[in-house]
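Q: sequence first, then the predicted structure, then my questions.
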Amino acid sequence: MPDSNLNSRKLSAKLTAEYYERLYTAKARGKLVAWATSIVPQELLETMNVEVAYPENHAAAIASRKGALPFLERAENSGYSNDICSYARVNLGYSQTLESEILNLPKPDFVICINNICNVVVKWYECLARYFNVPYILIDVPFNHEYEVNQSRVDYIKAQFQDAIVKLEEICGKPFDYDRFEKVMEISQRAARAWRRAMDYAHRVPSPMIGFNMFNYMALIVCLRGREEAVLLFETVAAEMEALMAEGKSQFPGEEKYRILWDGIAVWPHLAHTVSTLHGMNVNMTGSTYPDAWTILYDVGDLDGMAKAYASIMNNICVQRQVDLRTQILTASQCDGAVYHLNRSCKVMDFMQFDVRKRVHDATGKPYAVFDGDQSDPRNYAEAQYETRMQALVESMDEQKK
Amino acid sequence: MSVQTEIYSKMESAIKNIKSTLEENHKKGVRNIGVLPVYAPEELVHALGMFPVGLWGGKASISKASRYLPPFACSIMQTVMEYGMGGVYDALDGALMSTPCDTLKCVTQNWLSACPHIPAVTVVYPQNNKVPSAAVYLEQELLQAKEALEKIAGRKLSEQALAASIEVYNENRKAMQRFFDVVSEKPGCISAKHRHLVAKSRFFLPKEEHTRLVSALCAELENSPEMKWKGSRVVLAGIMAEPDGLLELFDEFGMAVVGDELAQEYRQYRTLVPAGKTGLSRLALQWQDTGCCSLVYDPEKRRSEYMADMAKRLKADGAVICMMKFCDPEEFDYPWLKAALDKAGIPSLNLEVDLNTPSLEQARTRLQAFSEQLAAI
Ligand code: SF4
Ligand code: SF4
């Protein structure tokens, strides 16, 4: 059990180190390693005591430490088009040697994919399964073109949970422990609520949080969603926010003159530039679609609810619901405007974004800016364009404030 | 006019005059339904007495569509959206679409505000298509599509009508399979351009008529005298091989297309609808049998060996992978296709396809070099 006396920064660092230690020692401890997509039903894996590596996290970590390019190039040299999502390219390039000076992952014993974020992952994991010659578990979550997740989708997803359990039993060579499953669900719910509560402090006016810190915590909510440590970490974050508010203070350097919603993934290779540009203009990010993505809420033991929660991820819902989600965040966190990342990697986000941002604007009247970027290919971002667009946004927000 | 030429000209005019066909249909009280790529339960449209027409994009200069899609969306969907917003599809009473890739997921949504005058009917096929729960789910999904289409048709679908339509479609698929075989056995008996025309016109003609034309063509080709083909034999992979100018290059460089696994061509007629209890359950079972496609879950990436085997079986000298620009499902398969073809000793060419490229100069240079490479072997 981690030390609860640490502040959230130190605790995050410690939990990250422990997480990777568990991964690296998995094989020696006779445990299996899965590679999984970021919003996988980790409950199943945690129940089976499998150690889980998250290639998207790994690619983000490599990209933010400016190490993506060699892997991208290696993937491209193996024939993967540079049009493909850069997380996939970094990972497919990395898979060929499993060696990076920045951060490493052990070879997978199997891969598990849920396409609640995109269909790219279905294809990407096909390549991994074939490359490593390991079993592939797919949980297919049909796109919800209707507002709600209908029952036939729920039944199909639930049946696939069951199929995944059977496969896991085969792969791990032991039966699935349903009591432990309940326990993991219970922890996961507490973790999801703690995460939500902590991130929602960004909504306060003024915000006690530097909104971009959410991006740092994200790595941990991805990989610790089913563990007590996550509860502790996000409770610690929440307590720190409470304390700051009690003292009338904020982490935000300087005056929080403008509050924005950030839509889309961070630009990991140029994170410092994106953040410092905004902070330099007294803009704090107080709303994001991300906290929602990992708030997987359901009643413990309710598989229908669990299926629905995993199916309702923001990329997997209809445009109207995406508009409502953003409108609600803009309102709840009292944003003055929105920044949309037109991410060269992510078709599923981009190809609905045009309509979404227009309709969110129609609904809220808030100005917005769009910039071209990429979450992990450093070549697809231009500082000058970003600065100009942010400057223009600030001017529009000023206009509105008058 | 020879029988062959006559058939081709009927097919060509079906495509060219599609606008007036759709308008004529309206005069006769027949509704028109656009069918987007790649898979859709077209049989339902047919069984409801409506006219299905394929929407696979074409050439268009993009302006309106850029309100919805950035330039890095595939040209099929760029042009489909442009046509839809520009009024080209105004004679449609509905559009039937599915979501096998992220781009199409988004198109189903953009359609709602971009083309509100053409009701969208969306079917989300299960990716995990081999598990039994997928068929159960798909049947429900098809039921919804059926009900939405019934509304447009203004009538109910009978089990009998659906069974009859499935028969019509299966007959058409069989005729196309026969055509595929004839052409592969007699390289040079048909130009690459006409071979494509036969497959493409499926989307523009009533299926019964198309079947008749294809069957007549097959009889002609089967009876035509053996000719010694001096050029090379190639197989095509990818989403589609268009525009026509691209195929004319194959003809110009003496490359006979002896087979394909294109999404627009062979993948459309490769899988018959199996026997089963109800029409909808049969359509769901057909999906279970569908595979070796970039848009259907393929955990072992069997598509690559399938392609290599096809190339060997058809004694192809080479394979051209027609890579639709910005089509990520195909892009993920490319390294594997290439590796499998390499392993089988089949030279391959990765040829970029973009329906909107103004010039085919680059394709010309690359195809010419490839044909020379094949000739030298
Ligand atoms: S960035 Fe987009 S395309 Fe890439 S894995 Fe994430 S959701 Fe999928
Ligand atoms: S060409 Fe590819 S990306 Fe475009 S709609 Fe078809 S499958 Fe999707």
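A: On my side now, so go ahead. Ligands and ions are numbered 1, 2, ... in the order given.
Q: what about chain A, any weak spots by pLDDT?
A: For chain A, the stretches with pLDDT under 70 are A:1-4.
Q: how about the residues of it by ligand 1?
A: Neighbours of ligand 1 within chain A, by CB under 6 Å from any ligand atom: A:56, A:85, A:87, A:117-118, A:120-121, A:265, A:315, A:345-346, A:348-349, A:375. Glycine gets a C-beta too; all of them are placed from N, C-alpha and C.
Q: one more time with 8 Å, if that's ok
A: A:37-38, A:56, A:85-88, A:117-121, A:124, A:265, A:315, A:343, A:345-349, A:375 (CB under 8 Å from any ligand atom).
Q: in strands only, show me those residues.
A: Cross-referencing these against strands under DSSP state E gives A:Asn343.
Q: and the strands in the stretch 151-300 of chain B?
A: Remark: strands assigned in the stretch 151-300 of chain B by DSSP state E, counting those that start in this stretch are B:232-238, B:255-260.
Q: an error on my part: the question was meant for the stretch 1-150 of chain A.
A: According to DSSP E, counting those that start in this stretch, the strands that the stretch 1-150 of chain A contains are A:33-36, A:51-53, A:110-114, A:136-139.
Q: next, count neighbours for B:Lys19.
A: Other residues near B:Lys19 come to 12 when the count uses other CB atoms under 10 Å in any protein chain shown.
Q: for A:Cys346, which non-adjacent residue is closest in space?
A: A:Cys85 (6.3 Å; CB to CB, 6 or more residues apart in numbering or on different chains).
Q: now A:Glu387
A: A:Thr277 (5.6 Å).
Q: correct me if wrong: the one you found contacts A:Met390.
A: Yes: here A:Thr277 lies in contact with A:Met390, judged by CB atoms under 8 Å, at a distance of 5.5 Å.
Q: looking at these two, which has the bigger crowd around it?
A: Using other CB under 10 Å, the more surrounded residue of A:Thr277 and A:Met390 is A:Met390, with 21 against 17.
Q: buried ones in the host helix or strand of the more buried one, by neighbour count?
A: Per DSSP states H and E, A:Met390 falls inside helix A:383-401. Across helix A:383-401, burial judged by 16 or more other CB atoms under 10 Å in any protein chain shown covers A:Tyr386, A:Glu387, A:Arg389, A:Met390, A:Leu393, A:Val394, A:Ser396, A:Met397.
Q: contact partners for the fifth one?
A: In other words, A:Leu393. A:Leu393 makes contacts with A:Ile260, A:Gly337, A:Val339, A:Pro367, A:Tyr368, A:Ala369, as judged by CB atoms under 8 Å, 6 or more residues apart in numbering or on different chains.
Q: what sits closest to the last one if chain neighbours are left out?
A: Nearest-residue entry for A:Ala369: A:Leu393, 3.8 Å, with adjacent residues in sequence omitted and distances by CB to CB, 6+ apart.
Q: B:Thr271: how many residues sit nearby?
A: With other CB under 10 Å as criterion, B:Thr271 counts 17.
Q: and it, how far is that from B:Gln362?
A: As judged by CB to CB, to the nearest Å, B:Thr271 and B:Gln362 stand 34 Å apart.
Q: ok, now B:Tyr68?
A: Applying CB to CB, the value for B:Tyr68 to B:Gln362 is 28 Å.
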